[in-house]
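Peer 1: Quick one, structure for this:
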Amino acid sequence: MIEFRDVTLTYQRGPGVFDISFQVDTGELVFLVGPSGAGKSTILKLTYMDLMPQKGEVEVNGFLTYRTRRRYVPLLRRTLGLVFQDFRLLPDRNAYENVAVPLHIIGLSRREIRERVYSALEDVGLSERTHHYPRELSGGEQQRVAIARAIAKNPAVILADEPTGNLDAAIAMEILDLLTFLAEENGSTVVVATHDYTLTTRKQGRLIEINEGRLLD
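Peer 2: Sure, this is the predicted structure:
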């Protein structure tokens, strides 16, 4: 599903990642844990091929970095659901419209879009907030909309980059419960990058620890 093989990527400013090798299997829940600046976001960006390695290779859902040209990266991302710390919702569109955006992009019919959007919003517990705008939603609700947007594509892999970073502890656990449910019940592969070790101790998932761009044994 996801495999890093001896991957190195360095920046002009900042360390990057060095000789990273790991594998994530289908349906697995993985926590990528480390302090801020450890390289977690770099690993996720390499996974959805926003960045390409200088050494080694990344394979995701059959796509290999060394032979995937930029114009084919959108095909990979159709198989991925991305969740970010800052939600990235469009402020002038309601919950339904935000979830529908990627479905319009991939060319689904109106009927299928409607079915997928309502199903995704129901899965995250927001059936009654369909027509509310981001400014009318709490932080936890906004993150749930972002997760609904990610899962509406029926992705094989969900990548969550510090998805609880802007939320209080109780809401953070609710979001983590939701991501865990998606891994356990829907069979999705879920990778959660977080600096908060306390979150990971409450869930059954594999830990991959990183610090200063290197995986820890």
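Peer 1: what residues are up against Glu57?
Peer 2: By CB atoms under 8 Å, 6 or more residues apart in numbering, the residues touching Glu57 are Arg5, Asp6, Val7, Leu64, Thr65, Tyr66. From N, CA and C alone the C-beta is placed, and that goes for glycine too.
Peer 1: isn't there a strand covering the second one?
Peer 2: Yes: per DSSP: H, G, I helix; E, B strand; the rest coil, Asp6 lies within a strand segment.
Peer 1: wait, isn't it in contact with Lys55?
Peer 2: Yes: contact status for Asp6 versus Lys55: in contact at 6.7 Å, counting by CB atoms under 8 Å.
Peer 1: Which residues are in contact with each of these two?
Peer 2: Common contacts of Asp6 and Lys55 (CB under 8 Å, 6+ apart): none found.
Peer 1: what's across from the nearest residue to Leu64 once chain neighbours are set aside in the sheet?
Peer 2: Computed as CB to CB, 6 or more residues apart in numbering, the closest residue to Leu64 that is not its neighbour in sequence is Glu57, at 6.0 Å. For Glu57, the beta-bridge partners are Arg5 (DSSP bridges).
Peer 1: pLDDT at Glu57, what is it?
Peer 2: Note on Glu57: pLDDT of 97.
Peer 1: now do Ile106
Peer 2: Ile106 is given a pLDDT of 91.
Peer 1: List the contacts of Ile158.
Peer 2: Contacts for Ile158 were tallied using CB under 8 Å, 6+ apart; they are 80-83, 147, 150-151, 179, 182-183, 188-191.
Peer 1: switch the cut-off to 6 Å
Peer 2: If you count contacts by CB atoms under 6 Å, 6 or more residues apart in numbering, Ile158 has them with Gly81, Ala150, Ser188, Val190.
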